[in-house]
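Engineer: Give the three-dimensional model of this entry:
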Amino acid sequence: MSKKVIYSPTAPEPIGPYSQAIQAGNMLFISGQIAIQKSTGKLITDSIEEETHLVLQNIHDVLKAAEMDFSHVVKCTIFLKDFNDFVKVNEIYGKRFPSSPPARETVEVSRLPKDVNIEISCIAVK
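Structural biologist: Below is the predicted model of the structure:
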């Protein structure tokens, strides 16, 4: 099986020793994305809605680099700092998956990288 690093020049640089995504055969494993603007390097944490939109845009950019889109996503994990944000996040997330949404779990965690409010990782299949 082949293993290939996937890099999107429009998604944020990894903040540690990991890749944005790894493609193994026809499967793509996307590292947890947070709301960092690639153009400025700035964290966007003013509202959970804005933060969620940017996280999903960063995922979109990584999917695109692998010649995929949200229809290829089969599994997501959402990490939330505050589960009270679940309804707002779910509404925005659902717009990216209007039909046949992937399997998913959403968990509340005590802390996320750079003290963001949300992080999402995905698995996609081509």
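
Engineer: now the strands for the protein?
Structural biologist: Using DSSP state E, the strands of the chain run over residues 3-6, 21-24, 27-33, 73-80, 103-108, 118-125.

Engineer: Of all those strands, which one is nearest Gly94?
Structural biologist: Proximity to Gly94 (CB to CB) singles out strand 103-108 among those, at 10.6 Å. Heads up, the C-betas are built off the backbone N, CA and C, glycines and all.

Engineer: biggest helix in this protein, by residue count?
Structural biologist: helix 48-65 (DSSP state H).

Engineer: now what about that one, what contacts it?
Structural biologist: 6-12, 20-21, 28, 30, 33-38, 44-45, 69-70, 72-73, 85, 88-89, 92-93, 96, 116-120, 122, 124 (CB atoms under 8 Å, 6 or more residues apart in numbering).

Engineer: likewise stretch 14-31?
Structural biologist: With CB under 8 Å, 6+ apart, stretch 14-31 has contacts from 1-8, 11, 36, 59, 62-63, 65-66, 68, 72, 113-114, 121-126.

Engineer: swap the cut-off to 7 Å and go again
Structural biologist: 1-8, 11, 59, 62, 66, 68, 113, 121-126 (CB atoms under 7 Å, 6 or more residues apart in numbering).

Engineer: Straight-line length of that stretch, end to end?
Structural biologist: One end of stretch 14-31 sits 9 Å from the other (CA to CA, to the nearest Å).
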